[in-house]
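1. for reference, the sequence and a predicted model appear below.
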Amino acid sequence: MDEYGNTGEGRAARRDEAVRAAVEQGLLGPDSPIVGLLDVTGIRESAAELRAAFAEVTAPGTPVLHAFAVKATPLVPVLRLLREEGIGAEVASPGELALARAAGVAPAETVLDSPAKTPVELREALALGIAVNADNPQELDRIDGLMRSAVSRSPLGIRVNPQVGGGSIGATSTATATSKFGVALRDEGAREWVVRAYLDRPWLSRLHAHTGSQGIPFPLMAQGVAETYALAEEINRRIGRPQIDTIDIGGGLPVNFASEVTAPTYAEYARALREAVPGLFDGRYGLVTEFGRSLLAKHGTIVARVEYAKSAGGRAVAVTHAGVQVATRTVYVPGSWPLRISAYDGKGRPKSGPEVVQDVAGPACFAGDLLAEGRALPLLDQGDYAAALDTGAYYFAHHYAYNSLARPGIYGFVPDRAGGARFATVRDPQTLASIVAESGGAHAGALTTLHTPGSR
Ligand SMILES: *Cc1c(COP(=O)(O)O)cnc(C)c1O
């Protein structure tokens with residue numbers, strides 16, 4: 001339980017009501033066998049917890065921008081909801097920037113961070129006044145050129161990699177010695193290069209690091225922030241004035257995928273940071289954060305109908321409509337990304353009964369397409385529903401087009417007064433016409449018009 005008394009019970013109860021209401025209202029059924037559900041109440045609560053956590057540890061009046069890492073849940077209505085909750089956007093591609101703008105996120109609340117920004121992207125960001133963190137010396141060169149040719153309101157910074165080391169998941173460890181992100185601070189000459197870069201450019205006012213995502217232990221995250229702060233202090237000392245006025249500490253708070261409880265909490269992280277790096281919170285620096293997974297993961301659920309229940313080699317297998325297309329990481333790397341599964345009956349009511357070890361399989365045509373393998377659950381039967389929990393970030397919003405499986409519809413929900421739920425469409429289910437169009441349907445004959453010279 002966290003200090004808000006948040007054992008996740010409210011969340012679990014809301015989810016159960018939403019699954020039942022989705023079946024009752026026909027969002028889920030034989031003809032729409034998979035949906036993504038988003039708990040609007042929960043998202044608002046997490047946003048409020050984030051704001052409160054940093055308000056508690058910062059000096060009064062400290063500017064703090066919480067920029068949601070759009071890649072975690074790239075859905076316009078989600079970005080609009082977060083905007084209403086006082087959360088901006090961290091974007092890393094032209095597509096993500098377009099989503100943030102479509103949601104109405106102001107340039108002043110937007111941060112651009114990608115490692116491969118083109119000249120056109122940089123020019124647009126600087127014209128809009130969006131904050132940009134340069135990833136490397138070549139990118140800083142390009143920004144130099146743009147700054148010579150036009151004035152910009154964009155707060156500009158450099159991303160550094162404190163190289164504090166990796167966590168338990170290689171793919172999400174951004175602060176290893178050889179990470180592709182930022183200026184590798186412990187490399188020969190790199191620290192001096194960064195200091196020089198600021199000395200030579202009075203308009204560089206920010207410093208950025210994001211030391212990793214899921215799997216990075218807490219103390220390593222704090223160490224990454226501490227080293228970034230120490231560098232900012234050194235640079236400002238060398239320049240003789242507080243040129244760096246804002247430190248962007250990135251995101252990366254891990255999510256507990258093993259139970260309903262939110263752990264660690266934003267409040268715990270903010271306090272741990274203040275303990276480790278008190279100077280960062282004394283009012284001399286503004287702060288930017290870039291949390292993604294921790295804001296959304298626990299508020300999303302994939303619910304999929306069991307099309308068939310069968311048995312193979314003595315193992316019960318539920319063949320559902322949720323697999324690699326909506327849970328790509330889990331299916332390909334199950335050891336790093338296990339998901340909790342809940343069983344519901346055909347009316348969407350939580351299923352009880354003795355637990356049976358079973359596989360929860362997806363619809364894709366390869367043997368490894370399993371949402372869960374050898375999981376003890378009430379036996380799933382034909383027409384029941386399996387729910388993959390904590391999938392609000394990096395799951396159903398990250399459709400993978402294997403087998404041309406359609407993107408499921410996504411619906412936000414709030415409880416109604418009658419023990420049910422009210423829904424709003426976040427994303428329509430993908431139509432077959434759209435699948436054909438996205439698969440070159442308009443160019444059906446294209447390849448037959450090309451002939452190898454001399455072949456006929
Ligand atoms: C992915 C990413 C984030 C968000 O990470 P989470 O683990 O989802 O909080 C923040 N900043 C940058 C630069 C990122 O690449």
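-> Noted; the coordinates are in hand. Residues are numbered from 1 along each chain as shown.
2. phi, psi for the residue in the stretch 51-200 of the chain positioned nearest to the ligand please.
-> At 3.3 Å from the ligand, residue 69 is the closest residue in the stretch 51-200 of the chain, using CB to the nearest ligand atom. C-betas here are computed from N, CA, C, even on glycine. When read as degrees, to the nearest 10, the backbone of residue 69 gives phi -70, psi 100.
3. ok, residue 454 next?
-> phi 90, psi 0.
4. tell me the pLDDT at it?
-> At residue 454, the pLDDT value in this model is 87.
5. from the ligand, how far out is it?
-> Per CB to the nearest ligand atom, to the nearest Å, residue 454 is found 49 Å from the ligand.
6. what is the burial count for that residue?
-> Residue 454 has 5 neighbours, counted by other CB atoms under 10 Å.
7. ok, now residue 330?
-> There are 25 residues near residue 330, going by other CB under 10 Å.
8. which residues touch it?
-> 337-339, 371, 388, 395 (CB atoms under 8 Å, 6 or more residues apart in numbering).
9. whichever of those count as buried, I'd like them selected in PyMOL; how would that read?
-> Remark: buried members of the contacts of residue 330, expressed as a PyMOL selection using 16 or more other CB atoms under 10 Å:
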select buried, resi 337+339+371+388+395
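10. so how far is residue 64 from residue 207?
-> 16 Å (CB to CB, to the nearest Å).
11. let me fix that: residue 267
-> 14 Å.
12. which is the succeeding secondary structure element to the longest helix belonging to the chain?
-> For the chain, the longest helix by residue count, based on DSSP state H, is helix 218-239. For helix 218-239, the following helix or strand on the C-terminal side (DSSP states H and E) is strand 246-248.
13. quick one, the helix or strand that that following strand is followed by and helix 218-239 angle?
-> On the C-terminal side of strand 246-248, the nearest following helix or strand under DSSP H and E is helix 266-276. Helix 266-276 runs at 50 degrees relative to helix 218-239, counting by axes from the mean of the first three to the mean of the last three CA atoms, to 10 degrees.
14. show me what helix 266-276 packs onto, helices and strands only.
-> helix 40-57, helix 218-239 (3 or more CB pairs under 8 Å, 6 or more residues apart in numbering; DSSP states H and E).
15. show me which positions of that helix end up buried.
-> Using 16+ other CB under 10 Å as the test for burial, helix 266-276 gives 266-270, 272-274, 276.
16. skip ahead from it and say which helix or strand is next.
-> That would be, after helix 266-276 and using DSSP H and E, strand 286-289.
17. and that following strand, which strands flank it?
-> strand 64-69 (parallel), strand 246-248 (parallel) (DSSP bridges).
18. who touches the longest helix of the chain?
-> 160, 162, 164-165, 167, 175, 185, 191, 194-195, 198-199, 207-209, 211-212, 242-244, 247, 249-250, 252-254, 264, 269, 272-273, 276-277, 279-280, 285.
19. before we move on, back to that, who's more crowded, residue 207 and residue 64?
-> Set residue 207 next to residue 64 and count neighbours by other CB under 10 Å: residue 207 wins out with 25 against 16.
20. could you give the mean pLDDT of stretch 77-87?
-> Rounded mean pLDDT across stretch 77-87 is 98.
21. so residue 360 bridges to which residues?
-> Here residue 360, judged by DSSP bridges, has bridge partners residue 318, residue 372.
22. typed the wrong thing, it's residue 160
-> residue 183.
23. ok, the residue in the stretch 101-250 of the chain that the ligand sits nearest to - contacts?
-> Residue of the stretch 101-250 of the chain nearest the ligand, by CB to the nearest ligand atom: residue 213 (3.0 Å). Going by CB under 8 Å, 6+ apart, residue 213 touches 169, 172, 174, 251-252, 254, 292-293.
24. got a pLDDT number for residue 15?
-> What the model reports as pLDDT for residue 15 is 98.
25. name the element it belongs to?
-> helix 9-24.
26. show me what that helix is in contact with.
-> 28-29, 35, 37, 39, 41-42, 260, 298-299, 301, 303, 342, 344, 346-350, 385, 387, 389, 411, 413, 415-416, 419-421, 423.
27. ok but residue 148 is inside a helix, no?
-> Yes - the assignment for residue 148, made by DSSP: H, G, I helix; E, B strand; the rest coil, places it in a helix.
28. if I look at it, how far off is residue 238?
-> 24 Å.
29. the residue lying closest to residue 311 once chain neighbours are set aside and the ligand, how far apart?
-> Excluding the flanking residues, the one nearest residue 311 by CB to CB, 6 or more residues apart in numbering is residue 317, at 6.5 Å. Counting by CB to the nearest ligand atom, the gap from residue 317 to the ligand is 32 Å.
30. same check on residue 450?
-> In terms of CB to the nearest ligand atom, residue 450 sits 39 Å off from the ligand.
31. that residue: neighbouring residues, count only.
-> What residue 450 shows, counting by other CB under 10 Å, is a neighbour count of 6.
32. what's the domain layout of the protein?
-> The chain resolves into domains spanning 40-294, 298-430 when parsed by automatic domain parsing.
33. need those in a markdown table (columns: distance to residue 9).
-> Below are the domains of the chain laid out as a markdown table (distance: least, CB to CB, whole Å):
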| stretch | distance to residue 9 |
| --- | --- |
| domain 40-294 | 7 |
| domain 298-430 | 13 |
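34. now render the helices and strands packed on helix 266-276 as TSV, adding mean pLDDT and distance to residue 445.
-> Formatted as TSV, the helices and strands packed on helix 266-276 follow (pLDDT from 0 to 100; distance: least, CB to CB, whole Å):
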stretch	mean pLDDT	distance to residue 445
helix 40-57	98	46
helix 218-239	95	54
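35. can you list these in a markdown table and add mean neighbour count and distance to residue 434?
-> Output for those, formatted as a markdown table (neighbours: other CB atoms under 10 Å; distance: least, CB to CB, whole Å):
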| stretch | mean neighbour count | distance to residue 434 |
| --- | --- | --- |
| helix 40-57 | 19 | 26 |
| helix 218-239 | 19 | 40 |
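36. adding distance to residue 433, write those helices out as JSON lines.
-> Formatted as JSON lines, the helices and strands packed on helix 266-276 follow (distance: least, CB to CB, whole Å):
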{"stretch": "helix 40-57", "distance to residue 433": "30"}
{"stretch": "helix 218-239", "distance to residue 433": "45"}
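37. dump stretch 315-326 to PDB, restricted to CA.
-> In PDB, the C-alpha atoms belonging to stretch 315-326 read as follows (Å, rounded to 0.1, in the frame of the first residue of the first chain):
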ATOM      1  CA  ARG A 315      -1.800 -28.900 -21.200                       C
ATOM      2  CA  ALA A 316      -5.000 -26.800 -21.400                       C
ATOM      3  CA  VAL A 317      -4.700 -24.100 -24.000                       C
ATOM      4  CA  ALA A 318      -7.100 -21.200 -24.400                       C
ATOM      5  CA  VAL A 319      -6.800 -19.700 -27.900                       C
ATOM      6  CA  THR A 320      -7.700 -16.000 -27.500                       C
ATOM      7  CA  HIS A 321      -7.600 -13.000 -29.800                       C
ATOM      8  CA  ALA A 322      -4.700 -11.300 -27.900                       C
ATOM      9  CA  GLY A 323      -1.200 -12.200 -28.800                       C
ATOM     10  CA  VAL A 324       1.900 -10.800 -30.400                       C
ATOM     11  CA  GLN A 325       0.000  -8.100 -32.200                       C
ATOM     12  CA  VAL A 326      -0.900  -6.300 -28.900                       C
END
